[in-house]
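A.B. asks: Fold the following.
(one chain, ligands or ions: 2)
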Amino acid sequence: MVKHDQAEGLRRKLDNQRIPKQAKTISVISGKGGVGKSNFALNFSLQLLSHQKKVLLFDLDVGMGNIDILMGMRSKRTIIDMFEEQLTIHDIIETGPNGLSYIAAGSGLNHFFKMEEADKSYFYDQYKALVEMYDYILFDMGAGVTEDGLFFILASDECIVITTPEPTSITDAYGMIKHVVSHDSMMPIQVVMNRSAGYQDGIRTLRQFDNVISTFLNIDIKAMGIIPDDKTVTQAVIRQVPYVLFNDKSSAARAIKEITFNYLSNSKELNRTASSSFVQKLKQLIAR
Ligand SMILES: Nc1ncnc2c1ncn2[C@@H]1O[C@H](COP(=O)(O)OP(=O)(O)OP(=O)(O)O)[C@@H](O)[C@H]1O
Ligand SMILES: [Mg+2]
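C.D. replies: Ligands and ions are numbered 1, 2, ... in the order given. Alright, predicted model coming up:
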């Protein structure tokens with residue numbers, strides 16, 4: 001009994017010790033599709049990079065991923081190659097503009113449940129290596145949520161929900177947040193109002209959304225910022241250049257710069273314990 005208590009005490013002590021530096025993991029999500037998640041994830045990543053952060057952009061929009069297309073790149077490898085060719089995670093990381101690290105979406109992750117145990121543990125080991133290499137890892141998710149997608153969302157340190165001011169987009173963002181907090185009521189959630197007609201409009205809509213969330217879901221979300229509807233974004237997408245690089249004076253570029261600056265000024269150091277690490281959470285969620 002004493003032995004058990006001692007072991008338990010030791011375990012708790014170890015758990016409470018801070019573990020080595022680990023990336024902050026962020027899932028970029030939405031309810032409705034086509035609201036600007038990938039463009040946000042890409043341009044936000046580039047802005048974090050310009051603040052000398054080590055960033056990995058991980059396209060998890062399985063089967064529909066297009067991060068590489070938005071950068072005008074053609075990726076040689078995806079996550080599925082990691083298993084089929086016994087590659088390490090380092091082998092599948094590609095380099096985009098300004099040296100941005102990214103992993104292109106594969107079509108293997110949607111079969112996680114069917115993955116052999118040995119493959120799973122290989123997968124966890126690769127992820128462990130990954131979180132120790134970067135300051136930020138951003139997951140660009142598909143619209144809505146798949147079962148595997150939910151594991152990544154819930155294992156992340158925070159979620160950024162992208163919506164536009166359209167009622168359909170807002171309603172779906174609400175549904176998405178409700179879904180996430182029904183699994184984890186403590187998940188930090190930030191909201192970006194993308195394609196806003198004007199700054200004041202955006203502020204008003206964000207405030208209304210915030211009120212609805214706190215009234216009906218009883219949680220606090222954080223308004224991360226507003227990105228105006230800007231035709232430069234469409235032009236940049238057509239030219240396959242991230243909009244912050246296409247025209248850094250455009251209103252969308254200026255908005256995302258401000259969002260990144262505020263984000264970095266406000267973000268706190270994570271008080272991480274072993275059990276709250278990304279890989280540990282992912283393991284627990286999948287084992288459930
Ligand atoms: N701020 C903006 N101003 C104008 N157009 C925008 C803006 N943001 C996104 N768009 C338009 O919306 C399109 C879709 O954007 P994006 O691919 O980033 O959305 P998504 O949410 O990732 O879509 P999916 O759900 O299919 O993954 C872009 O190609 C662009 O034309
Ligand atoms: Mg996308």
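A.B. asks: Need the per-residue pLDDT for Asn16.
C.D. replies: pLDDT, Asn16: 55.
A.B. asks: before we move on, what about Asn271?
C.D. replies: Listed pLDDT for Asn271 reads 69.
A.B. asks: so Cys159, which of the three states?
C.D. replies: Following DSSP: H, G, I helix; E, B strand; the rest coil, we place Cys159 in the strand state.
A.B. asks: List the contacts of it.
C.D. replies: Shown in contact with Cys159 (CB atoms under 8 Å, 6 or more residues apart in numbering): 26-29, 153, 180, 187-190. All C-beta spots, glycine's among them, are computed from the backbone N, C-alpha and C.
A.B. asks: Tell me, what's the model's pLDDT at it?
C.D. replies: 97.
A.B. asks: sorry, back to before: from the contacts of Cys159, which single one is nearest Ala252?
C.D. replies: Nearest to Ala252 among the contacts of Cys159: Val28, at 15.8 Å, using CB to CB.
A.B. asks: ok, now how distant is that closest one from ligand 1?
C.D. replies: Going from Val28 to ligand 1 by CB to the nearest ligand atom, to the nearest Å gives 8 Å.
A.B. asks: And for Tyr174?
C.D. replies: 16 Å.
A.B. asks: How many neighbouring residues does that residue have?
C.D. replies: 18 (other CB atoms under 10 Å).
A.B. asks: cool, and Tyr199?
C.D. replies: Residues lying near Tyr199 (other CB under 10 Å) number 13.
A.B. asks: Excluding chain neighbours, what is closest to it?
C.D. replies: Excluding the flanking residues, the one nearest Tyr199 by CB to CB, 6 or more residues apart in numbering is Ile226, at 6.1 Å.
A.B. asks: And His90, by the same measure?
C.D. replies: Per CB to CB, 6+ apart, closest to His90 is Ala129, 7.4 Å.
A.B. asks: residue contacts, Pro20?
C.D. replies: Residues near Pro20 by CB under 8 Å, 6+ apart: Glu132.
A.B. asks: now Glu94, nearest residue through space, not along the chain?
C.D. replies: Nearest residue to Glu94, sequence neighbours excluded (CB to CB, 6+ apart): Ser75, at 5.0 Å.
A.B. asks: just checking, the one you found is part of a strand?
C.D. replies: No. Under three-state DSSP, Ser75 falls outside any strand and is assigned coil.
A.B. asks: quick one, phi/psi of it?
C.D. replies: Dihedral pair for Ser75: phi -80, psi 140, per degrees, to the nearest 10.
A.B. asks: where does this protein come near ligand 1, residue by residue?
C.D. replies: Selection of the chain residues close to ligand 1 by CB under 6 Å from any ligand atom yields 30, 33-39, 61, 142-143, 194-195, 227, 229-230, 233-234, 237, 252.
A.B. asks: Just the buried ones among those residues, please.
C.D. replies: By the neighbour-count criterion of 16 or more other CB atoms under 10 Å, the residues of the chain next to ligand 1 include these buried positions: 30, 35-39, 61, 142-143, 194-195, 227, 229-230, 233, 237, 252.
A.B. asks: contacts with ligand 2 among the residues you listed, please.
C.D. replies: Counting by CB under 5 Å from the ion, 37-38 from those sit close to ligand 2.
A.B. asks: Which of the buried ones among the residues of the chain next to ligand 1 fall in strands?
C.D. replies: Among these, DSSP state E puts 194-195, 227 in strands.
A.B. asks: and the closest residue to ligand 2 within the stretch 1-150 of the chain, how far is that from Ile67?
C.D. replies: The nearest approach of the stretch 1-150 of the chain to ligand 2 comes at Ser38, 3.2 Å away (CB to the ion). Taking CB to CB, to the nearest Å as the measure, Ser38 falls 6 Å from Ile67.
A.B. asks: Now do the shared contacts for those two.
C.D. replies: With contacts taken as CB under 8 Å, 6+ apart, Ser38 and Ile67 have 59, 61, 140 as neighbours in common.
A.B. asks: Mind checking which of the residues you listed land in helices?
C.D. replies: Of these, none are assigned to helices by DSSP state H.
A.B. asks: which stretches of the stretch 51-200 of the chain form strands?
C.D. replies: Assigned by DSSP state E, counting those that start in this stretch, the stretch 51-200 of the chain shows strands spanning 55-59, 94-95, 101-103, 136-140, 158-163, 189-196.
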